[in-house]
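Asks: Sharing a model prediction with you, sequence too.
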Amino acid sequence: MRRGPGDSLRLFNGRDGEWSATIRDIGKRGARLEAVRQLRPQAAEPDLWLLLSIIKRDRLEWAVEKATELGVSEIHPLVTARIQPARPNPERLATIAVEAAEQCERLSVPRIHAPESLETLLRRWPEGRPLVAAIERDGAAPPPPPLGTGALLIGPEGGFDSRELDVLRRLPFLVAASLGPRILRTETAAIVGLALLQRP
């Protein structure tokens, strides 16, 4: 916001890598930039989604920031039976994701979806995409080795209700996983799960 014509900056669009650019002119309705040279090519990133039950605003925003830093490609805020009384603002979450991508020098920004119910999302689940669900007190094994394509499902505070668990356990593409012996907050579980799914 404090730059003017002749100043340099770096650009990325999620497709063409990172570029050095110069501001040619700037006005109230926008600016014209000239791309000078490529600084970094676009690198391959994991195709990993995060499905996160809606929690209190500040904690959800923190989770979006950290999930962006950890490289997720999409974030799906979910309405579940035990969600926190909050209404996520997708535009605000998208802004947080952009800022997090800039801070960690990531060359793409995850897509932030509007909130929807878990059932709605599962009805249109893409074929061939595994869904790793962190289900507490289930006696499950740790998350599987890193996935080329996949998704992580984190439930609400208090866990999924019995009806949701019945639905999840019948899914052929679901992999139940444990994140360890302690019961983690939703936002903590999201970060732990994402780190485990991308461990070397």
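Replies: It's in. Residues are numbered from 1 along each chain as shown.
Asks: how is this protein carved up into domains?
Replies: According to automatic domain parsing, the chain comprises the domains 8-40, 47-197.
Asks: okay, now Pro145: neighbour count?
Replies: 8 (other Cβ atoms under 10 Å). The way it works is simple: take the backbone N, C-alpha and C, and place the C-beta from them, glycine included.
Asks: residue boundaries of the strands in this protein?
Replies: For the chain, the strands defined by DSSP state E occupy 8-12, 18-27, 30-40, 47-53, 74-79, 111-112, 116-117, 131-134, 149-154, 174-177.
Asks: follow-up on the earlier one: just name the most buried of the domains of the chain.
Replies: Sort these by mean neighbour count, taking mean count of other Cβ atoms under 10 Å, and domain 47-197 sits at the top with a mean of 17.
Asks: so what's the nearest residue to Leu107 once chain neighbours are set aside bridging to?
Replies: Among residues not flanking Leu107 along the chain, Phe12 sits closest, at 4.5 Å (Cβ to Cβ, 6 or more residues apart in numbering). For Phe12, the beta-bridge partners under DSSP bridges are Glu18.
Asks: can you redo the strands of the chain as a markdown table with mean pLDDT and distance to Pro143?
Replies: Converted to a markdown table, the strands of the chain look like this (pLDDT from 0 to 100; distance: least, Cβ to Cβ, whole Å):
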| stretch | mean pLDDT | distance to Pro143 |
| --- | --- | --- |
| strand 8-12 | 80 | 30 |
| strand 18-27 | 81 | 31 |
| strand 30-40 | 83 | 30 |
| strand 47-53 | 96 | 11 |
| strand 74-79 | 96 | 18 |
| strand 111-112 | 96 | 23 |
| strand 116-117 | 95 | 24 |
| strand 131-134 | 95 | 5 |
| strand 149-154 | 96 | 8 |
| strand 174-177 | 93 | 4 |
